[in-house]
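A.B. asks: sequence plus the predicted model coming up.
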Amino acid sequence: MINQTYTSKEAEKQIPEFLSIINEVFTIDSPKATQKIGLTYLASIIKIFPELCDRYLEILLNVA
Amino acid sequence: MADIIGSTLANKMGKNDPEYKNFKESFDHVNTYFIERFNFISDELIHDIFSEINDRAKDIVTVISKNMMDFCDLSQFFTDCLQKTNSQVTCAGSLDGEDVEEDNLFKLIVDCFTNLGNSILNEDPQQTELFFLEYSLDAILDIMVENEFKRNALIVVLYCFCQNTANAHLRVLSRIKSKIGSTHKNSFVAIVNDLLEFDEAQDETYLWGSAEIFDFYFDVAKKAIYYNSPISRTKSLSILSQLAPCSIRPVFELLPSIKKMTKVQSWELQGQLLILSNCAL
């Protein structure tokens, strides 16, 4: 069972940190292998964080 | 064991085989002969011998369980063979037809060793673990440290001579740490990362619900984050990603160091950063 239990205070502080990691690593210039890993793993959270959507689509079209 | 090796070689080694003369001269010390001339004996014959050992595992286990001191010889025999075997070689037995799928020889020996390990463990769990940790682990870790391909195939051996419990696994992990934790740090992190797979979901709980196991893995990952090797840092992030479903909070304290890794030009490391972020979110 996965139990991600963020308090709202923790979420406020930590979520932007992880999103900034994604923004720095998952770019149009990053290696193709990294992009493919990102496309695979980030698909599950794209609904929750729509701000990732534009970058995701751009890379998806680029990889294809 | 000597019977199995001697009779298999006697039956299957042709008189025209260049090794036949050496074999006949060493018939009384067939185990020593086998190890010393291992690289000169054909792969098919080695395949035959380990297939035969596998088939007669019950007889061997009966002997070992009566006198655990024989376990040392058995372990020495297997580690010598594993040391000398090329991990990439595949072959079939000497009597197999051409349409038979070839086995990886190294994996066949590992399977044989784990099969014996599980059977001996069933007879006497405490003694088996004790003898394994005292007399086998060093040699196995030496092989794992030397060769990455062999390390991947041998990982399954580390837990098959101990009971499937949190405490037993923790004893094995601690012993591995004491043996190579400070001398071969990169191999140590890689081995711990691979072993986590066996502990991840046990008993329908993550990491057996054991705080000690979690702390052990987290501690290894925490230290490895600062290693020079990007491969070890990738392994460290991999451990953290696997621990995240269990408890993400301890990872928060490492975030400043993790963020610095975004600048490292290594696709594996960057990929693992994305996986960790996905697990955290």
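C.D. replies: Nice, thanks for sending it over.
A.B. asks: low-confidence ranges, the chain, go.
C.D. replies: The chain I'm using is chain A. Applying pLDDT under 70 to chain A flags residues A:1-6, A:64.
A.B. asks: please refer instead to chain B.
C.D. replies: B:95-97, B:201-205, B:207-208.
A.B. asks: quick one: contacts of the longest helix along it?
C.D. replies: Looking across chain B with DSSP state H, the single longest helix is helix B:105-123. For helix B:105-123, contacts defined as C-beta atoms under 8 Å, 6 or more residues apart in numbering or on different chains pick out B:43, B:46-47, B:50-51, B:53-54, B:57-58, B:60-61, B:64-65, B:71, B:74, B:78, B:81-82, B:85-91, B:128-129, B:132, B:150, B:153-154, B:156-157, B:160-163. Quick note: C-beta positions are derived from backbone N, CA and C, even for glycine.
A.B. asks: quick one: which of those sit in strands?
C.D. replies: B:90-91 (DSSP state E).
A.B. asks: show me where chain A has helices.
C.D. replies: A:8-25, A:32-42, A:53-63.
A.B. asks: now the ones you listed in TSV, with mean neighbour count and distance to B:Phe214?
C.D. replies: Shown next, in TSV, are those (neighbours: other C-beta atoms under 10 Å in any protein chain shown; distance: least, C-beta to C-beta, whole Å):
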stretch	mean neighbour count	distance to B:Phe214
helix A:8-25	15	19
helix A:32-42	18	23
helix A:53-63	13	32
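A.B. asks: in a markdown table, list those helices along with distance to chain B.
C.D. replies: A markdown table is the format used below for these (distance: least, C-beta to the nearest C-beta, whole Å):
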| stretch | distance to chain B |
| --- | --- |
| helix A:8-25 | 4 |
| helix A:32-42 | 4 |
| helix A:53-63 | 11 |
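A.B. asks: list the contacts of B:Gly14.
C.D. replies: B:Tyr20.
A.B. asks: helix, strand, or coil at it?
C.D. replies: coil (DSSP: H, G, I helix; E, B strand; the rest coil).
A.B. asks: if I look at it, how far off is B:Phe23?
C.D. replies: Taking C-beta to C-beta, to the nearest Å as the measure, B:Gly14 falls 11 Å from B:Phe23.
A.B. asks: ok, now A:Lys47?
C.D. replies: 68 Å.
A.B. asks: between the two, who's got more neighbours?
C.D. replies: The neighbour count for A:Lys47 versus B:Phe23, taken as other C-beta atoms under 10 Å in any protein chain shown, is higher for B:Phe23 (20 against 9).
A.B. asks: which positions within the longest helix of chain B qualify as buried?
C.D. replies: B:105-106, B:108-117, B:119-121 (16 or more other C-beta atoms under 10 Å in any protein chain shown).
A.B. asks: what's the spacing between that helix and its chain's center?
C.D. replies: 11 Å (C-alpha atoms, centre = their mean, to the nearest Å).
A.B. asks: can you list the helices of chain A in JSON lines and add distance to B:Lys179?
C.D. replies: As requested, the helices of chain A are arranged in JSON lines below (distance: least, C-beta to C-beta, whole Å):
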{"stretch": "helix A:8-25", "distance to B:Lys179": "35"}
{"stretch": "helix A:32-42", "distance to B:Lys179": "33"}
{"stretch": "helix A:53-63", "distance to B:Lys179": "43"}
